Structure formats: C-alpha cells, structure tokens
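J.: Sequence and predicted structure below; questions after.
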Amino acid sequence: MALASQIFNHLAQTLGGLYIIAVILRFCLQLARADFYNPISQGIVSVTNPVLIPLRRIIPSMFGLDTASIILVLLIQLVLGEINYFIYFQEFYNPLAALAFGALGLLKLCIYTLYGIGIVVMISSFVAPHSHHPIIMLSRQLLEPLARPIQKIIPPMGGMDLSLFFIFICVSVLNMILENVAYQLQIPHTGLSLLVIGF
C-alpha cells in the first residue's frame, strides 16, 4: 500500500502539476492578449477547453479575468490534495485550510512558470534574438505585460533590455516570501505537503 500511495502521489504531483500549469498559461494568454493562433497556444487551448468551456457556462468572467480558470486550478489542487491526504491518513483534511494551502502551491507553480518563460526569453535574446519560433514568440508575449512598466522606468541601455533582470529579482523575492510562509505553516516537512502541488 505504501508503494501504491507513493506512486499515486508522484503521478498526482507530476500530471496534476502539468495540467495546472497548462491552465495557468491559458489564463496568462488571455491576460497578456497573446497570439491564440500560435501553435503552442493552440495546444494549450485544446488541452484546457474540454474542462474550461463547460465551467465557463457556470462561472462567468469577472473584471475581465477568466474566473473559470482560477476556480479550475483551485479545484484540481483541492481534489488531488484531499485524495492524496486520504490515501496516507485515511481521513480528509479541512477543505478550507486545504484550499488556502493549495493557493500557496498555485502561486509557487506560477513562479516556476515565470522562471521557465524568463529563461526561454533570456537564452533566445542571446542565441536567436530575431527568432520567430512559436515558443520564443509566445514567451515574449507572455512577459510583455510585466516588462512594459519596468521599461517605462528603466529603458533599454546599449541595446540591452534590463526589464527581464528586474522581473527575475521580483519573482525571486516573491518566491522567498512564499517559502517563508510555507516554512511557518510547516508545509514542506509534514503531511500537509500532500495537499499542495508546487511544494
């Protein structure tokens, strides 16, 4: 049973995390008004549409945000976390507390996603600055809403765009804050880690 539990936990963390990241990217695509005809965008849309389209009929957008995507990732985090916890401890955790812990995990996944996108943009700016590869183009579009305000304050110097550097600093600081909160709540070192994809 212990081995089966470990396997399920591993699959839940991996596959659940990947699907949550896909939904996060879908949310960011709309937020950044990225090119939905990009092949990568099309892949994300095809993976997330079967669940999001029915959910949007129940949960309308609010303040221009795709509320259904936010609710979906919270529900996935909650359901997988509760199943994991039940398998190990034969009881369910307080759902409100599990939802709060899950939200922290989602923020961590957002940070990992931003790191990944930022690394793609950083490497491509040196190796292929004029590339039109779908991954590179989409990564630039997704970072643009974050980079634009920084570029207004610190314009490119000598052809170098420093906005990515400051994005990395801000994301790192946010990551440190989340790690500290998780440490205070003892998420990484207790059974609570079963509830949270992202830690």
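T.: Cool, got the structure.

J.: other SSEs contacting the lowest-mean-pLDDT helix or strand in the chain?
T.: When the helices and strands of the chain are compared on mean pLDDT, DSSP states H and E, helix 2-11 comes out lowest with a mean of 78. When contacts are defined as 3 or more C-beta pairs under 8 Å, 6 or more residues apart in numbering; DSSP states H and E, helix 2-11 sits against helix 67-89. No exception for glycine: its C-beta is placed from N, CA and C like everyone else's.

J.: what packs against the longest helix seen in the chain?
T.: In the chain, assigned by DSSP state H, the helix with the most residues is helix 95-127. Contact analysis of helix 95-127 by 3+ C-beta pairs under 8 Å, 6+ apart lists helix 17-32, helix 67-89, helix 134-153, helix 163-184 as its packing neighbours.

J.: Adding distance to residue 45 and mean neighbour count, write those helices out as a markdown table.
T.: Shown next, in a markdown table, are these (distance: least, C-beta to C-beta, whole Å; neighbours: other C-beta atoms under 10 Å):
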| stretch | distance to residue 45 | mean neighbour count |
| --- | --- | --- |
| helix 17-32 | 7 | 19 |
| helix 67-89 | 12 | 19 |
| helix 134-153 | 12 | 16 |
| helix 163-184 | 25 | 14 |
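
J.: Present those helices as JSON lines; the columns should include distance to residue 53 and mean pLDDT.
T.: As requested, the helices and strands packed on helix 95-127 are exported to JSON lines (distance: least, C-beta to C-beta, whole Å; pLDDT from 0 to 100):
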{"stretch": "helix 17-32", "distance to residue 53": "11", "mean pLDDT": "91"}
{"stretch": "helix 67-89", "distance to residue 53": "9", "mean pLDDT": "89"}
{"stretch": "helix 134-153", "distance to residue 53": "22", "mean pLDDT": "89"}
{"stretch": "helix 163-184", "distance to residue 53": "31", "mean pLDDT": "88"}
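
J.: got TSV for those helices, with distance to residue 61 too?
T.: Formatted as TSV, the helices and strands packed on helix 95-127 follow (distance: least, C-beta to C-beta, whole Å):
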stretch	distance to residue 61
helix 17-32	9
helix 67-89	6
helix 134-153	17
helix 163-184	25
